[in-house]
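Chemist: Just need the structure, nothing else, for what follows:
(2 chains)
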Protein chains: 2
Amino acid sequence: MIERFRPRSVCRPAGVVRGIGDDAAAFRLPAGELALVTTDLLVEGVHFRRETIGGQDLGHKALAVNLSDIAAMGGTPREAFVALAVPETCPPAYLEEFYRGMKALAALHEVNILGGDTCASLAGMFVGVTAVGSVAAPRLRRRDTARPGDRIFTTGFLGDSRAGLHLLGEGARRKTAADRALMEAHRRPRPHLAEGRFLAQAPGVRAVIDISDGLTSDLGQIAAASRVGARVHVDRLPLSPSLVRFCDRFAWDAAATALSGGEDYVLLCTAAPEQAEALTRDFQRHFGRPLYDIGTITDSKRVEMVAADGQTAPLTAGGWDHFRCRDAGPAPDKG
Amino acid sequence: MIERFRPRSVCRPAGVVRGIGDDAAAFRLPAGELALVTTDLLVEGVHFRRETIGGQDLGHKALAVNLSDIAAMGGTPREAFVALAVPETCPPAYLEEFYRGMKALAALHEVNILGGDTCASLAGMFVGVTAVGSVAAPRLRRRDTARPGDRIFTTGFLGDSRAGLHLLGEGARRKTAADRALMEAHRRPRPHLAEGRFLAQAPGVRAVIDISDGLTSDLGQIAAASRVGARVHVDRLPLSPSLVRFCDRFAWDAAATALSGGEDYVLLCTAAPEQAEALTRDFQRHFGRPLYDIGTITDSKRVEMVAADGQTAPLTAGGWDHFRCRDAGPAPDKG
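Modeler: Here you go, the predicted structure:
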């Protein structure tokens, strides 16, 4: 079955010695650079349902979540490997679409698909993707290097993917353009590779992580790894116009959705305060959109949020529920 | 859950910049060498049953099959990544044993476990392992380089694993020492890494592959990739004394078991005829056991076997059944 992957799986042949069709792939990484490797598993019924995500979108997403990890390290992705367990109930056309979606994203970032393993599954589809990239050692960004006083930024909007997931579960009801944008954010996340490379060379950038589990959780990872605290300003959370409209319509709490929605696949970083102004200016100039300043790293070891009125509360998985105004809508239940 | 993997997962810290606990692992490969990457998926109910393989053995085997691929390329394995989907029915003790078995084999070969992903499975356990290794370009061995006239060798016995699988399915009946050796061959295959490196530097060695699907299938892979034929002498197939005893007892056909049993994880290679004698002599001297000469590469495009009486027949998946003597026992049914 892996043979069906083979046509056009190598889009950047330079440096590839052996691809699909030998015991292992053999290739060159850029001389002197560090190798980066990440692996992610998507399980049907746990991470996705075939009823609500098409094959192309699943292929895109399975690779995108790995590329997002490479982006967070400041690296450039180069090769990908795909392990697929496929149930009998999965039609060949779905797999064809899966391959197509993955190859399209791979080609966009000059990533070769150099190998994989495909086999039967007795129940449900399993998609394991391993991405290999590289980065020059001085540009490597990690999550344990935040320092008190650092400003905290995100490279994009938060909460869109979570709202999109809700809309996908709603089925065939007529969707607005804003709805479609939210669903797209969930099904076809765009890995922030250019943003990651920008942050890797920008002076003053310290810790970087990608937001996969939600801002609350991933900022907590930076804080724990760096042994620092953090303070996030709720009124500075970057909300897309589509999300604001969605939250109005469904009476969802936009801040709660942004804080803990997850699967955003934008980057979260910290930067030295004295370089923050130049960083945000250069980012805006380079990408034509803002780097969102959402708070500050502290030496308190606590991760907190600050409301518009200055009130402070712990930023924990369920923290926002206890904090938000009484008249706000229900928090989204993850699904 | 991946955190439980972390203690002692790095046995060779030199060159490791980031391991488990960041978005991706970051490490150095030996300067100037090619990177080797292979990935394999083991699915419960398809590749293994938890009732017949303990956690330690499964952890060992999941890594061993990947290391065997690196061995076939002539390389040295360096880092491993583990994606696990675990059903609720899997007790934590089984996972602990899994980690222990994998780490023990990893440590034996100085392989670091640098990352992974663990999540829930709705049905059955899925184990995806990716191994990263390296090899100096001139030592890379591949499967498409066999030439007519080459002699064909294996680095070890064939068929033991298939016999061991049968014994494992038999349950608690008292086992002889020979039985235990066969079951061990199935549950804890030894990747032929030293043998692979030996073949990678030995003059005259051309194509190399590891025998995972069975000699018939994997020799077919070499022949197809190299656009050559092959002739295997049935009376030269390397059979362990344990397998011979097993086949006597169960009235199995030893040659059929050796030809298509599979999961042998020894190496199959071809070498220029003029260097074959020095190669077998040096191998014997280095490893204290023979390199088994089983046949010859031909220019016929056919893969054939030759019986003791000189009779020839196509070597295909079911080929042996039609060829073997009428008084032989039943062919083993796979699975």
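Chemist: Name the nearest residue to residue A:225, ignoring sequence neighbours.
Modeler: residue A:144 (3.7 Å; C-beta to C-beta, 6 or more residues apart in numbering or on different chains). Quick note: C-beta positions are derived from backbone N, CA and C, even for glycine.
Chemist: quick check, that neighbour in a helix?
Modeler: No - counting by DSSP: H, G, I helix; E, B strand; the rest coil, one finds residue A:144 to be coil, located in no helix.
Chemist: show me the contacts for it.
Modeler: A:207, A:222, A:225, A:226, B:22 (C-beta atoms under 8 Å, 6 or more residues apart in numbering or on different chains).
Chemist: Kindly report the same for residue A:184.
Modeler: residue A:164 are the contacts of residue A:184 under C-beta under 8 Å, 6+ apart.
Chemist: Next step: the contacts of residue A:144 restricted to helices.
Modeler: Assignment to helices by DSSP state H places the following of the contacts of residue A:144 there: A:222, A:225, A:226.
Chemist: thinking the first one is in contact with residue A:268, fair?
Modeler: Yes - with contacts defined as C-beta atoms under 8 Å, residue A:222 counts as touching residue A:268 at a distance of 7.0 Å.
Chemist: Name the residues contacting each of the two.
Modeler: residue A:209.
Chemist: Sticking with residue A:129, tell me its helix or strand.
Modeler: Here residue A:129, judged by DSSP states H and E, is contained in strand A:126-135.
Chemist: Let's see that strand as PDB, backbone CA atoms only.
Modeler: C-alpha atoms of strand A:126-135 as PDB (Å, rounded to 0.1, in the frame of the first residue of the first chain):
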ATOM      1  CA  PHE A 126      -4.300   5.200  13.300                       C
ATOM      2  CA  VAL A 127      -2.100   7.800  11.800                       C
ATOM      3  CA  GLY A 128       1.500   8.200  13.100                       C
ATOM      4  CA  VAL A 129       3.600  10.800  11.400                       C
ATOM      5  CA  THR A 130       7.300  11.500  12.100                       C
ATOM      6  CA  ALA A 131       8.800  14.700  10.800                       C
ATOM      7  CA  VAL A 132      12.600  15.300  10.500                       C
ATOM      8  CA  GLY A 133      13.900  18.800  10.200                       C
ATOM      9  CA  SER A 134      17.100  20.700  11.000                       C
ATOM     10  CA  VAL A 135      18.200  24.000  12.600                       C
END
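Chemist: what packs against that strand?
Modeler: Secondary-structure packing of strand A:126-135 (3 or more C-beta pairs under 8 Å, 6 or more residues apart in numbering or on different chains; DSSP states H and E): strand A:34-43, helix A:55-72, strand A:76-87, strand B:34-43, strand B:76-87, strand B:126-135.
Chemist: which one is residue A:241 nearest to, not counting chain neighbours?
Modeler: residue A:178 (7.1 Å).
Chemist: secondary structure class for the one you found?
Modeler: helix.
Chemist: pretty sure residue A:107 is in contact with residue A:11, am I right?
Modeler: Yes - shown here, residue A:107 and residue A:11 form a contact pair, counting by C-beta under 8 Å, at 4.6 Å.
Chemist: neighbours of residue A:307, just the number please.
Modeler: 15 (other C-beta atoms under 10 Å in any protein chain shown).
Chemist: What of residue A:273?
Modeler: The number of residues near residue A:273, taken as other C-beta under 10 Å, comes to 14.
Chemist: who's in contact with it?
Modeler: With C-beta under 8 Å, 6+ apart, residue A:273 has these contacts: A:149, A:150, A:151.
Chemist: Quick one, which of the residues you listed are buried?
Modeler: Buried members of the contacts of residue A:273, scored by 16 or more other C-beta atoms under 10 Å in any protein chain shown, are A:150, A:151.
Chemist: Rounded mean pLDDT for the host helix or strand of residue A:181, please.
Modeler: Here residue A:181 sits within helix A:177-187, counting by DSSP H and E. The average pLDDT for helix A:177-187 rounds to 94.
Chemist: low pLDDT regions in the stretch 101-250 of chain A?
Modeler: A:172 (pLDDT under 70).
Chemist: For it, list the residues in contact with chain B, please.
Modeler: A:114-124, A:126, A:128, A:130-133, A:135, A:137, A:140, A:142-144, A:209-210, A:225 (C-beta under 8 Å from any C-beta of the partner chain).
Chemist: PyMOL command for the buried members of the residues you listed?
Modeler: Typed into PyMOL, the line below selects the buried ones among these, using 16+ other C-beta under 10 Å:
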select buried, chain A and resi 114+115+116+117+118+119+121+123+124+126+128+130+131+132+133+135+140+142+143+144+209+210+225
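Chemist: How much space separates the residue nearest the centre of chain A from chain B?
Modeler: Closest residue to the average C-alpha location of chain A: residue A:265 at 1.8 Å, with C-alpha atoms, centre = their mean. Residue A:265 is 11 Å from chain B, where distance means C-beta to the nearest C-beta, to the nearest Å.
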